[in-house]
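Enquirer: this one's sequence-less:
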């Protein structure tokens, strides 16, 4: 992590679910681009500490916070801690999310409620709780991590796809409320990403079949999502709000 990048210099970002996966990649890239980053986790403190260590070794400032995005008090405490530490909150990335594959007729009420609580209610709470800080600054960027599933309507993730379609709508609605206060609200919808968790699946025949649904015929990399999130968080974009930016290799067009 070098100090030669400064697209987010002086900005403070809170990234939910940033101890691993996409959230971790976003947090590290934000730090590389000059931001002070609040890294959050729910149950994996050791992984969060590793991200914090990496950010600090790169000469950037970071804060670790445990956050259950479905619990308003937990979210509120994290924003209070972030503001107390850094004096402002410029960027919120609603990344924390869960998935559990299942066909329509197999999904239980508990399955449905659990997905919606984390993937849709969580971002709603986070948006509400960060708004007072951003309104007072008269500036802010909110980026919701959606999924191509919310656009492609995949058959094996009914509740997940519905939660992400709801997140896309939440993005557009909150953008209406943010506009008078110079708060830009957008979503990034990743498609098939190559990670440690998906490597085995993507190397199988079933995985190849999924990859073939994309126009580019290959999975994306975490840096593809992180770079899109930098773009939306930076001052170089001042006229884009209420949009869902698909980072999916053209998957839902296939």
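Expert: Yes, it's here. Every value quoted in this text rests on a predicted model; they were computed, and no experiment measured them.
Enquirer: what's in contact with stretch 196-213?
Expert: 21, 152, 192, 194, 217, 218, 219, 251, 254 (Cβ atoms under 8 Å, 6 or more residues apart in numbering). Glycine gets a C-beta too; all of them are placed from N, C-alpha and C.
Enquirer: hang on, I meant stretch 221-232
Expert: When contacts are defined by Cβ under 8 Å, 6+ apart, stretch 221-232 is touched by residues 7-8, 21-22, 25-26, 28-30, 33, 93, 141, 143, 145, 184, 186, 188, 190, 193-195, 237, 240, 245, 247.
Enquirer: now the residues you listed: which count as buried?
Expert: Neighbour counting by 16 or more other Cβ atoms under 10 Å classes 7-8, 21-22, 25-26, 28-30, 33, 93, 141, 143, 145, 184, 186, 188, 190, 193-195, 245, 247 among these as buried.
Enquirer: Please report how far residue 111 lies from residue 99.
Expert: 11 Å (Cβ to Cβ, to the nearest Å).
Enquirer: quick one, helices of the stretch 101-250 of the chain?
Expert: Taking DSSP state H, counting those that start in this stretch as the criterion, the stretch 101-250 of the chain carries its helices at 109-116, 122-137, 149-152, 158-178, 199-202, 205-211, 222-233.
Enquirer: Tabulate those (CSV), appending mean pLDDT, mean neighbour count and distance to residue 82.
Expert: As requested, the helices of the stretch 101-250 of the chain are exported to CSV (pLDDT from 0 to 100; neighbours: other Cβ atoms under 10 Å; distance: least, Cβ to Cβ, whole Å):
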stretch, mean pLDDT, mean neighbour count, distance to residue 82
helix 109-116, 97, 14, 26
helix 122-137, 98, 20, 9
helix 149-152, 84, 22, 28
helix 158-178, 97, 20, 19
helix 199-202, 82, 12, 33
helix 205-211, 85, 13, 37
helix 222-233, 98, 21, 15
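Enquirer: mind giving me CSV with those and columns for distance to residue 78?
Expert: As requested, these are exported to CSV (distance: least, Cβ to Cβ, whole Å):
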stretch, distance to residue 78
helix 109-116, 21
helix 122-137, 9
helix 149-152, 25
helix 158-178, 19
helix 199-202, 31
helix 205-211, 35
helix 222-233, 18
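Enquirer: what stretches of this structure score poorly on pLDDT?
Expert: 1-4, 154, 197, 252-254 (pLDDT under 70).
Enquirer: At which residues are the strands of it located?
Expert: For the chain, strands defined by DSSP state E occupy the ranges 12-15, 36-41, 62-66, 91-94, 140-145, 183-190, 244-247.
Enquirer: Could you export those as TSV, including distance to residue 103?
Expert: Written out in TSV, the entries for those read as follows (distance: least, Cβ to Cβ, whole Å):
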stretch	distance to residue 103
strand 12-15	32
strand 36-41	31
strand 62-66	34
strand 91-94	27
strand 140-145	25
strand 183-190	22
strand 244-247	25
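Enquirer: closest to residue 47 among the contacts of stretch 196-213?
Expert: Of all these, residue 47 sits closest to residue 21, with 9.8 Å by Cβ to Cβ.
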